[in-house]
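Engineer: Got a predicted structure plus its sequence, pasted below:
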Amino acid sequence: MTPGPSNLITDIPGLRVGNAQDDALKSGVTVLTADTPFTASVHVMGGAPGTRETDLLAADKTVSQVDALVLSGGSAFGLDACSGVTEALRASGRGFRVGDAVVPIVPGAILFDLLNGGDKGWQQNPYAALGQAAFLAAGTAFNLGSTGAGTGALSANLKGGLGSASLILPSGATVAALVAANPLGSVTTPGDHHFWAAHFELNDEFGGVGPDPRAGLGLDLSSRKSTLTPAKGAARANTTIAIVATDAALSKAQCQRMAVAAHDGIGRAVMPAHSPGDGDLVFGVSTGARAPQNPDTELGLIGHAAALCLSRAIARAVFLARPAQGDLLPCWIDIRQGNESGAPP
């Protein structure tokens, strides 16, 4: 297996991603969409999820395909980003048809970034506008790091961010991940130089520093994030939300199995993961463009590849985060260069 040409989820033909953010707000939105509806399901393993229309993605529910998926900052306020995407889809005539009515199907998930140093004193919820802007910006090329839903993300000790990675399977199918990483846990080993996901790195995609020979068993749970505003509940200011996708033709139930397997990628890249204060969630997506050669065997390999891509995407999110005015935590690049301030001069 090798990465796709861009090492992005848009290596899967037909998928497009758009980002929008407000740097003063220190928050933003990321939208995955396509020219035609796609099959999707979801699996939640965090104890504090925030979602919209995810019940519809169960295998026994009526609608089999969706028009877009939304990853957003803003906690419960960020769910309004789905409304902005819905309006943009409606304006273009996209959606599930019920008689003369057209209803866009836009599930979404949010992360908590309300205590990250940004200006949250808005008079009107900004997330619907951000969602619409992200949808309208969707394309095959998009930025990673401190952008979109990852703009204000924080891991335990470093800035989080938006990440993506892809793999091409021996069958020719492509599997990829897109993630907004804002976990309670750490993405780096003690000292913040090495990544927990280092064993899965390809082509020095997150620095090439290799595994930490002194990483230990993950018993060191020290966290800069937990000391920022403990009285305001920083221990709950978390969540890793992700999308894993493939062009292999999968049913809703199979997309859900892919999402279940992909959660292993969070567990390998974040220490600890799936805590009561995280809302860890993975959407599973199939564009259906490629018929699996051996469906039973290939589904297992697709799930494995999805977990590998998600681990790599989480590490890339932190690796590519960049400092901004008012940051509360440093970036990985700051630690690497010996500057822990995290903020520009």
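Structural biologist: Yep, it's here.

Engineer: residue nearest the centroid of the protein?
Structural biologist: Closest residue to the average C-alpha location of the chain: residue 179 at 1.8 Å, with Cα atoms, centre = their mean.

Engineer: That residue reaches residue 314, doesn't it?
Structural biologist: Yes. Judged on Cβ atoms under 8 Å, residue 179 makes contact with residue 314 at a distance of 5.6 Å. (Each C-beta comes from the backbone N, C-alpha and C, glycine too.)

Engineer: picking up where we left off before, tell me how many other residues crowd the nearest residue to the residue nearest to the centre of the chain once chain neighbours are set aside.
Structural biologist: In this structure, residue 179 finds its nearest non-sequential neighbour in residue 242, 3.9 Å apart by Cβ to Cβ, 6 or more residues apart in numbering. Using other Cβ atoms under 10 Å, residue 242 is surrounded by 30 other residues.

Engineer: same thing with residue 6?
Structural biologist: Residues within reach of residue 6, counting by other Cβ under 10 Å, total 14.

Engineer: for residue 309, same thing?
Structural biologist: Here the number of neighbours of residue 309 (other Cβ under 10 Å) works out to 34.

Engineer: The helix or strand containing it packs against which elements?
Structural biologist: Residue 309 is part of helix 295-319, with elements assigned from DSSP states H and E. Helix 295-319 is packed against strand 161-168, strand 174-182, strand 239-248, helix 252-269, helix 332-336, with contacts defined by 3 or more Cβ pairs under 8 Å, 6 or more residues apart in numbering; DSSP states H and E.

Engineer: where are the low-confidence patches of the chain?
Structural biologist: Residue ranges of the chain with pLDDT under 70: 229-236, 295, 339-345.

Engineer: on that earlier part again, closest one to residue 39 among the helices and strands packed on helix 295-319?
Structural biologist: Closest to residue 39 of those, according to Cβ to Cβ: helix 252-269, at 5.7 Å.

Engineer: name the helices or strands packed onto the helix or strand that the closest one is followed by?
Structural biologist: Sequence-wise, the next helix or strand downstream of helix 252-269 (DSSP H and E) is strand 281-290. Where contact means 3+ Cβ pairs under 8 Å, 6+ apart, strand 281-290 is packed against strand 27-44, strand 239-248, helix 252-269.

Engineer: deepest of these, which one?
Structural biologist: Most buried of the helices and strands packed on strand 281-290, by mean neighbour count (mean count of other Cβ atoms under 10 Å): strand 239-248, with a mean of 30.

Engineer: Pull out the CA atoms of that strand and give them to me as CSV.
Structural biologist: Presented in CSV, the C-alpha positions along strand 239-248 are these (Å, rounded to 0.1, in the frame of the first residue of the first chain):
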residue,chain,number,x,y,z
THR,A,239,-13.0,15.5,20.8
THR,A,240,-11.4,14.0,17.7
ILE,A,241,-13.9,13.9,14.8
ALA,A,242,-13.0,12.2,11.5
ILE,A,243,-14.2,10.8,8.2
VAL,A,244,-12.7,7.7,6.6
ALA,A,245,-13.7,7.1,3.0
THR,A,246,-13.1,4.7,0.1
ASP,A,247,-14.1,4.4,-3.6
ALA,A,248,-14.8,0.7,-3.0
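
Engineer: Tell me where the stretch 101-250 of the chain has helices.
Structural biologist: Along the stretch 101-250 of the chain, the stretches classed as helices by DSSP state H, counting those that start in this stretch are 127-136.

Engineer: if we compare the helices and strands packed on helix 295-319, which one ends up closest to residue 75?
Structural biologist: Among the helices and strands packed on helix 295-319, the nearest to residue 75 by Cβ to Cβ is strand 239-248 (8.9 Å).

Engineer: Each with direction, which strands does the closest one pair with?
Structural biologist: Strand pairing for strand 239-248, using DSSP bridges, gives strand 174-182 (antiparallel), strand 281-290 (parallel).

Engineer: What residues sit buried inside the last one?
Structural biologist: Judged by neighbour count (16 or more other Cβ atoms under 10 Å), strand 281-290 contains these buried residues: 281-288, 290.

Engineer: Need the helices and strands packed on strand 281-290 in CSV (columns: distance to residue 54).
Structural biologist: Formatted as CSV, the helices and strands packed on strand 281-290 follow (distance: least, Cβ to Cβ, whole Å):
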stretch, distance to residue 54
strand 27-44, 5
strand 239-248, 11
helix 252-269, 11
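
Engineer: Now do the buried residues in the helix holding residue 309.
Structural biologist: 298-299, 301-319.

Engineer: And for stretch 47-67?
Structural biologist: Neighbour-count burial for stretch 47-67 [16+ other Cβ under 10 Å]: 48-54, 56-57, 64-67.

Engineer: Also stretch 129-144?
Structural biologist: For stretch 129-144, by 16+ other Cβ under 10 Å, it's 129-135, 137-138, 142, 144.

Engineer: What is the nearest of those to residue 13?
Structural biologist: residue 138 (14.5 Å).

Engineer: since we're on the closest residue to that closest one other than its chain neighbours, how many residues are nearby?
Structural biologist: Among residues not flanking residue 138 along the chain, residue 18 sits closest, at 3.4 Å (Cβ to Cβ, 6+ apart). By the criterion of other Cβ under 10 Å, residue 18 has 22 neighbours.
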